[in-house]
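Asker: Sharing a model prediction with you, sequence too.
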Amino acid sequence: MTTDESAFTGLPVPGATPPTALTIAGSDSGGGAGIQADLKTFLACGVHGMTALTAVTVQNSRGVADFLALPPELVAAQIRSVAADIGVGAAKTGMLASAEIIEAVIDACAASSIGRDGRTPLVVDPVAASMHGDSLLARDALAALRDQLLPIATLVTPNLDEVRLLTGLDVTSRSELRKAAEAVHELGPSWVLIKAGHLTEDPECVDLLFDGSRFIELPGPRMRIPHTHGGGDTLAASITSALARQAQPIDAVRFGKRYIMRAVADAYPLGAGVGPVSAFWRVSEQPI
Ligand SMILES: Nc1ncnc2c1ncn2[C@@H]1O[C@H](COP(=O)(O)OP(=O)(O)OP(=O)(O)O)[C@@H](O)[C@H]1O
Ligand SMILES: Cc1ncc(COP(=O)(O)O)c(N)n1
């Protein structure tokens, strides 16, 4: 079944409560990735964004210098608080930092009907490191992410480094994406979206969606632009926004792919390093 796209691409009616989405992720002080990217994307997609902060990173366009993970019980309390009062239309995870935080998130999601067997869709972006290679997940936390979090995910969105960490498979060409999608699907999520951004030799950027039986290619041009910081978060947040607006997973992913292509096309330089993908393209120019 597919959804009527007009039902999830517009902006909310002024004064009416918009759909809601929750991001469970870390703060990027540079504003390009993490919770900041997610909130900008939620806004641009017409969804009220909420946050369960997992960690504070010291980060700029050149990388992550340091981070402090928050106490797991505080992360869980943020999830329970907004779920009990405001309600969560869809949720996503990003940087989770530690095994203890992952376990607390799983418990809080279960208590709030978020995840595979609850009513609320859960998108897991299995963030392990920044694009500069700085670790954002403790080494001993990978097993908890793979064995406990992935089985409750509606959709998991690994990049090729994360595919290697989760499955041991080294994908170096488009023809190997199907095998990777099958291997990640074996870990328990309902849907898998393998992101092909790292296949830099490929003239196109063809992500691959898999639900255990269907392979769906999401084609797009590869833009020769270095400023893709926050691209993975922005893609997952735009998909989460569409899910919050009741889109079916396949339609939500198609919407997300269109959103990220525009965000990459309009990416901009910032600082001395790598700039972020842009959320500005969807903000209309309204006189104040
Ligand atoms: N140069 C590019 N041109 C077009 N699309 C791109 C480009 N780079 C990445 N993308 C798209 O952006 C999304 C994120 O892909 P990527 O594989 O880079 O994930 P990621 O490594 O998690 O992102 P990041 O680490 O930059 O946040 C995917 O939909 C991918 O196809
Ligand atoms: C808090 C936080 N979350 C996620 C990322 C990944 O984004 P990227 O791979 O673009 O560095 C990041 N750098 N910081």
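Answerer: That came in fine, so what should we check first? Ligands and ions are numbered 1, 2, ... in the order given.
Asker: leaving aside the residues next to it on the chain, what's closest to the residue nearest the centre of the chain?
Answerer: Centroid check for the chain by CA atoms, centre = their mean gives Ala236 as the closest residue, at 2.9 Å. What sits nearest to Ala236 in space, not counting adjacent residues and going by CB to CB, 6 or more residues apart in numbering, is Asp125, at 4.2 Å. Where you see a C-beta, it was placed from the backbone N, CA and C, and this is true even at glycine.
Asker: need the contact list for that neighbour.
Answerer: Asp125 makes contact with Lys92, Thr93, Gly94, Val156, Thr157, Gly232, Asp233, Ala236, according to CB atoms under 8 Å, 6 or more residues apart in numbering.
Asker: change it to 7 Å
Answerer: Counting by CB atoms under 7 Å, 6 or more residues apart in numbering, Asp125 makes contact with Lys92, Thr93, Gly94, Thr157, Gly232, Asp233, Ala236.
Asker: In TSV, list the residues you listed along with distance to Phe67 and pLDDT.
Answerer: Listed next are the contacts of Asp125 as TSV, based on distance: CB to CB, whole Å; pLDDT from 0 to 100:
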residue	distance to Phe67	pLDDT
Lys92	19	98
Thr93	16	98
Gly94	13	98
Thr157	22	98
Gly232	17	98
Asp233	15	98
Ala236	20	98
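Asker: show me where this protein has strands.
Answerer: Using DSSP state E, the strands of the chain run over 20-28, 48-60, 63-69, 90-93, 122-124, 155-156, 191-194, 207-210, 215-218.
Asker: Looking at the stretch 51-200 of the chain, what residue ends up closest to ligand 1?
Answerer: Residue nearest to ligand 1 within the stretch 51-200 of the chain: Gly197 (2.3 Å; CB to the nearest ligand atom).
Asker: what residues are up against that residue?
Answerer: Residues near Gly197 by CB under 7 Å, 6+ apart: Asn159, Cys205, Thr228, Gly231.
Asker: Now distance to ligand 1, neighbour count and pLDDT too, for the residues you listed, in CSV please.
Answerer: Compiled in CSV, the contacts of Gly197 are given as follows (distance: CB to the nearest ligand atom, whole Å; neighbours: other CB atoms under 10 Å; pLDDT from 0 to 100):
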residue, distance to ligand 1, neighbour count, pLDDT
Asn159, 3, 23, 97
Cys205, 4, 22, 97
Thr228, 4, 20, 95
Gly231, 4, 22, 98
